[in-house]
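*Asks:* give me a model of this one.
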Amino acid sequence: MEYRPLSSVPGGDSFLGDKGPTEGSLMAAVLPYVIMIILLPIGSFFFSKSIIFEDLLSYSETTASVYGAICSVIILHILLALFILKAFKESPVKGSKQD
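*Replies:* As a prediction, the model looks like this:
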């Protein structure tokens, strides 16, 4: 068995030895979703709590915090669903023949 170093160059051989995605291309595809999953729920919590629920609707701080948390959880679930859909669309089905 021949030793081959791991390749992380996009478009090169993957660590499995096939011509599939490399570590670099996988990281480039996943990184935007990771950033969105971290930043958008936090941002939506503070935005919806202070602007929508406290300023526009005049809810108390506790009630606005609860509704802001609900908004951030909904956005988090939407982002996770989009990430899962993207992962399923990009992964090839085993046993399918590509010409």
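*Asks:* following the helix or strand hosting residue 26, which helix or strand comes up?
*Replies:* Element membership of residue 26, judged by DSSP states H and E, is helix 23-47. Tracing the chain C-terminally past helix 23-47 and defining elements by DSSP H and E, one meets helix 61-90 next.
*Asks:* now do the worst-scoring helix or strand of the chain on mean pLDDT against helix 61-90, angle only.
*Replies:* When each helix and strand of the chain is scored by mean pLDDT, DSSP states H and E, helix 23-47 comes last, with a mean of 88. Put simply, helix 23-47 runs at 160 degrees to helix 61-90, going by axes from the mean of the first three to the mean of the last three CA atoms, to 10 degrees.
*Asks:* was I right to think residue 75 contacts residue 40?
*Replies:* Yes: between residue 75 and residue 40 there is a contact at 5.6 Å, judged by CB atoms under 8 Å. Any C-beta I mention is one placed from the backbone N, CA and C, and that applies to glycine too.
*Asks:* okay, these two: which has more neighbours?
*Replies:* A side-by-side neighbour count of residue 75 and residue 40, using other CB atoms under 10 Å, places residue 75 first with 19 against 16.
*Asks:* next one, pLDDT for the more buried one please.
*Replies:* Model confidence at residue 75, expressed as pLDDT, equals 96.
*Asks:* now do it against residue 45, distance only.
*Replies:* 9 Å (CB to CB, to the nearest Å).
*Asks:* which parts of the helix holding residue 26 are buried?
*Replies:* Within helix 23-47, the residues that qualify as buried by neighbour count (16 or more other CB atoms under 10 Å) are 25, 33, 36-37, 40-41, 44-45.
*Asks:* quick check: residue 73 touching residue 44?
*Replies:* No: with the criterion set as CB under 8 Å, residue 73 and residue 44 do not qualify as a contacting pair; they are 9.6 Å apart.
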